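>>> dropping a prediction and its sequence here:
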There are 2 protein chains.
Amino acid sequence: MTSTQTLPLTDITQADACSSPLARAAIAPDHADALARSLKALADPARLRILSIVSAHTDQEACVCDLTDQLTLSQPTISHHLKVLVEAGFLSRAKRGTWSYYSLVPGSLNAVAGVLAAV
Amino acid sequence: MTSTQTLPLTDITQADACSSPLARAAIAPDHADALARSLKALADPARLRILSIVSAHTDQEACVCDLTDQLTLSQPTISHHLKVLVEAGFLSRAKRGTWSYYSLVPGSLNAVAGVLAAV
DNA sequence: CGTGGACATCGACAACGATCAATGTTACCG
DNA sequence: CGGTAACATTGATCGTTGTCGATGTCCACG
């Protein structure tokens, strides 16, 4: 194949020759920022285990004593993680008597997973 | 086939009265650790934009000059983010001539999304 | 009331991570 | 051969974050 160098398909307005054309638009910066915030709330082993323990219960609900029992972390640390997950919209808090019950926000995890797969 | 419905619904070794029974097992600690590492690599706006820019190209491939053009970050910083994404298994690097081309590892994002939805 | 239990908040500390300037490395070109 | 362009690596800085002990708050129960 002689390298005739004839590739005038279009006069590409490309910045450089190394670049290939785009099939679609990239993610918007503020969208990336929001998704990164959600992922940051999930990107911790303790918080993932908390979410899993909560969702493993039959009523999708667990109290803090369930978590302090299974995680080898101090109670203030677990409270901190719970706060992060609530503020990120993955858990909701309900106080009944002396106990605080945390439950999964339905669809929140699947929403992030869906957005992530679409990146 | 033996039914796995061997749940002794009676007196479970429940720690406290506040706890409800479990429907399934929680995530394993080392599994949570691995997932957290993957999510940590994704939990950054710049890295999400990099992945999006790469996957927006028709051949799922982009060179560094494409990224320095669109991201308002220094070239060393972008190189750092690319290294993180490669080591996490989301991107692969191919050097051709002077240029380095990064391409998506097929299925890597969907795999994390799937695991995340199953937590 | 007062006491104890369940949980949240505060303050501090150590480790991590995102960023950049400077420099190094490699390939292409005259 | 220089020289330049593309990209990686290094070193340093500085904000962020996971963790814990100490303390505070609220509720239940004698």
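Thanks, I have the structure now.

>>> what's the helix or strand for the residue nearest to the spatial centre of chain A?
Relative to the mean C-alpha position of chain A, the nearest C-alpha, by CA atoms, centre = their mean, is the one of residue A:39, at 3.0 Å. Assignment of secondary structure by DSSP states H and E places residue A:39 within helix A:29-42.

>>> show residues contacting that helix.
A:27, A:47-48, A:51, A:84-85, A:87-90, A:112, A:115-116, A:119, B:36, B:39, B:42-49, B:52, B:116 (CB atoms under 8 Å, 6 or more residues apart in numbering or on different chains). The way it works is simple: take the backbone N, C-alpha and C, and place the C-beta from them, glycine included.

>>> near DNA strand C, which of those show up?
B:43, B:44, B:46 (CB under 7 Å from any atom of the strand).

>>> closest to residue A:107 out of those residues?
residue B:43 (20.2 Å; CB to CB).

>>> list the contacts for that closest one?
The contact partners of residue B:43, by CB under 8 Å, 6+ apart, come to A:36, A:39, A:40, A:42, A:43.

>>> distance to residue A:98 and pLDDT for those residues - can I get that in CSV?
What follows is those, written out as CSV (distance: CB to CB, whole Å; pLDDT from 0 to 100):
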residue, distance to residue A:98, pLDDT
A:36, 37, 98
A:39, 34, 98
A:40, 32, 98
A:42, 29, 98
A:43, 32, 98
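
>>> state whether residue A:79 is indeed within a strand.
No: counting by DSSP: H, G, I helix; E, B strand; the rest coil, residue A:79 is not found in a strand; it is helix.

>>> which residues does it contact?
Residue A:79 touches residue A:64, counting by CB under 8 Å, 6+ apart.

>>> quick one: it from chain B, how far?
16 Å (CB to the nearest CB, to the nearest Å).

>>> from the contact counts, what lies against the helix or strand following the helix holding residue A:39?
Where DSSP H and E defines the elements, the next helix or strand beyond helix A:29-42 is helix A:45-56. Counting contacts by 3 or more CB pairs under 8 Å, 6 or more residues apart in numbering or on different chains; DSSP states H and E, helix A:45-56 is packed against helix A:29-42, strand A:61-63, helix A:64-70, helix A:75-87, strand A:91-96, strand A:99-104, helix B:29-42.
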